[in-house]
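1. I'd like to go over a predicted model; first the sequence, then the structure.
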Amino acid sequence: MNILVTGGAGYIGSHVAKKLNNIGHHVVVYDNLVKGHREAVLTAKFVKGDLADKKLLNEVMQSEEIEAVVHLAAHSIVGESMEKPGKYFQNNLSNGLNLLEVMVSNNVAYLVFSSTAAVYGEPQEVPITEDHPTNPASTYGDSKLFFEKILERYQQIHGLKYVSLRYFNAAGADHSGEIGEAHSPETHLIPIVLQKALGIRDKLYIFGDDYPSRDGSCIRDYIHVEDLADAHILALDGLIDGMDSRIYNLGNGEGYSVKEVIETASALIGKEIEAEIGPRRAGDPAVLVASSQKIREELGWKPKYAALETIIETAWKWHKGGGFNGND
Ligand SMILES: NC(=O)c1ccc[n+]([C@@H]2O[C@H](COP(=O)([O-])OP(=O)(O)OC[C@H]3O[C@@H](n4cnc5c(N)ncnc54)[C@H](O)[C@@H]3O)[C@@H](O)[C@H]2O)c1
Ligand SMILES: O=c1ccn([C@@H]2O[C@H](COP(=O)(O)OP(=O)(O)O[C@H]3O[C@H](CO)[C@@H](O)[C@H](O)[C@H]3O)[C@@H](O)[C@H]2O)c(=O)[nH]1
């Protein structure tokens, strides 16, 4: 198939595009490179473009005869979304709507959407299932939840078929060492811990140690980026085979605290990684752990790299190798 991957020069998108290419799809990455890297697009065709540019989006959709879309392009930093709500609603909603409109006008009916665990907010119970109430603690979570609501209407009115994948915390890097996480500035825990270990970062802060968790630091469910990418292939196949639109959580079902992540990385690397306690970060729920039972049962998804050690090990290999430009 001809598949458009928005945000395909980004961290998760580059892994998704690689997998789609490897199984024989014609992949067109559409990314404005505000966060992505040209080098992250390995074999796919690359178009530098912004979702705000509806005309270009339409031209690409037509000239490449796009049949399905994987939509990852978004702003996705929880803390920043609590400082700049407009930036998040503009990109994740308004620009995302451009994509949907262009899809509808070109009769492109299949969409896999990157949603997030942040739609749930502070959970009432864990592991979190897809029918858990949604109550985002951040603007970022709001933007993704509102977009899911928009998708429901586009399905009802325009016949759009979609799968919304609510990722928990993506981490790790492709086993080939060719691609991995490279954000600037980096805000995610695991790369920050590894940058500290490499000595390219002075300070590592634990954002709050007074949360209601086993050691006071926040608990997250880390999922390997390749396992995440596999789920996109399954979701797309499901849609093509006639599956109805639906939502799936994606995590390993195991939560690790910030302190446990630092300890695991220290043990793996063989040296203590020093951290200081800092204040809480706005928009952070204490605990987010997924039940991914639904996608396991319905699509046969099974993570291959569930162990936190493996996740950190692949990230370590990537960061030690210098990332895309020697210092990411
Ligand atoms: N990283 C995680 O743990 C995580 C968890 C849950 C959900 N998500 C979602 O997954 C998706 C990918 O996340 P990521 O970590 O790979 O982020 P990323 O920032 O690495 O990738 C996003 C890509 O989208 C591009 N982009 C942003 N706005 C654009 C626009 N208007 N037009 C064209 N391109 C645009 C960026 O340049 C970037 O390459 C996002 O939608 C994010 O919300 C990520
Ligand atoms: O220097 C740091 C960085 C992070 N954290 C904490 O580590 C945890 C994980 O943080 P981070 O890696 O920034 O990820 P999240 O904020 O949990 O968000 C990620 O995971 C969400 C799903 O759970 C996605 O929606 C987001 O896009 C993605 O950035 C959180 O408790 C943070 O407070 C620290 O203590 N110190």
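-> Done, it's in. Ligands and ions are numbered 1, 2, ... in the order given.
2. and the stretch 201-328 of the chain, which of its residues are near ligand 2?
-> Near ligand 2, the residues belonging to the stretch 201-328 of the chain are 205, 206, 207, 218, 220, 258, 281, 284, 288 when assessed by CB under 6 Å from any ligand atom. Yep, even glycine has a C-beta here, placed from its N, CA and C like the rest.
3. other SSEs contacting the host helix or strand of the second one?
-> It stands for residue 206. Secondary-structure assignment from DSSP states H and E places residue 206 in strand 205-207. For strand 205-207, the helices and strands in contact under the criterion 3 or more CB pairs under 8 Å, 6 or more residues apart in numbering; DSSP states H and E are helix 258-269, strand 276-278.
4. So what's the gap between the helix or strand just after the shortest one and the chain middle?
-> The element immediately downstream of strand 276-278 (helix or strand, assigned by DSSP H and E) is strand 287-288. A distance of 16 Å separates the centroid of the chain from that of strand 287-288, by CA atoms, centre = their mean, to the nearest Å.
5. Other residues contacting strand 287-288?
-> Residues from elsewhere that reach strand 287-288 (CB atoms under 8 Å, 6 or more residues apart in numbering): 117-118, 120, 122-123, 126, 128, 168-169, 211-213, 218-221, 251, 255.
6. buried ones in the helix or strand that contains residue 230?
-> Taking DSSP H and E as the criterion, the element that holds residue 230 is helix 225-240. For helix 225-240, the buried set under the neighbour-count rule, 16 or more other CB atoms under 10 Å, comprises 225-236, 238-239.
7. got JSON lines for those residues, with pLDDT and distance to ligand 1 too?
-> Conversion of those to JSON lines gives the following (pLDDT from 0 to 100; distance: CB to the nearest ligand atom, whole Å):
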{"residue": "225", "pLDDT": "98", "distance to ligand 1": "8"}
{"residue": "226", "pLDDT": "98", "distance to ligand 1": "13"}
{"residue": "227", "pLDDT": "98", "distance to ligand 1": "12"}
{"residue": "228", "pLDDT": "98", "distance to ligand 1": "8"}
{"residue": "229", "pLDDT": "98", "distance to ligand 1": "11"}
{"residue": "230", "pLDDT": "98", "distance to ligand 1": "15"}
{"residue": "231", "pLDDT": "98", "distance to ligand 1": "12"}
{"residue": "232", "pLDDT": "98", "distance to ligand 1": "11"}
{"residue": "233", "pLDDT": "98", "distance to ligand 1": "16"}
{"residue": "234", "pLDDT": "98", "distance to ligand 1": "17"}
{"residue": "235", "pLDDT": "98", "distance to ligand 1": "14"}
{"residue": "236", "pLDDT": "98", "distance to ligand 1": "16"}
{"residue": "238", "pLDDT": "98", "distance to ligand 1": "19"}
{"residue": "239", "pLDDT": "98", "distance to ligand 1": "18"}
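8. Cool, thanks, signing off.
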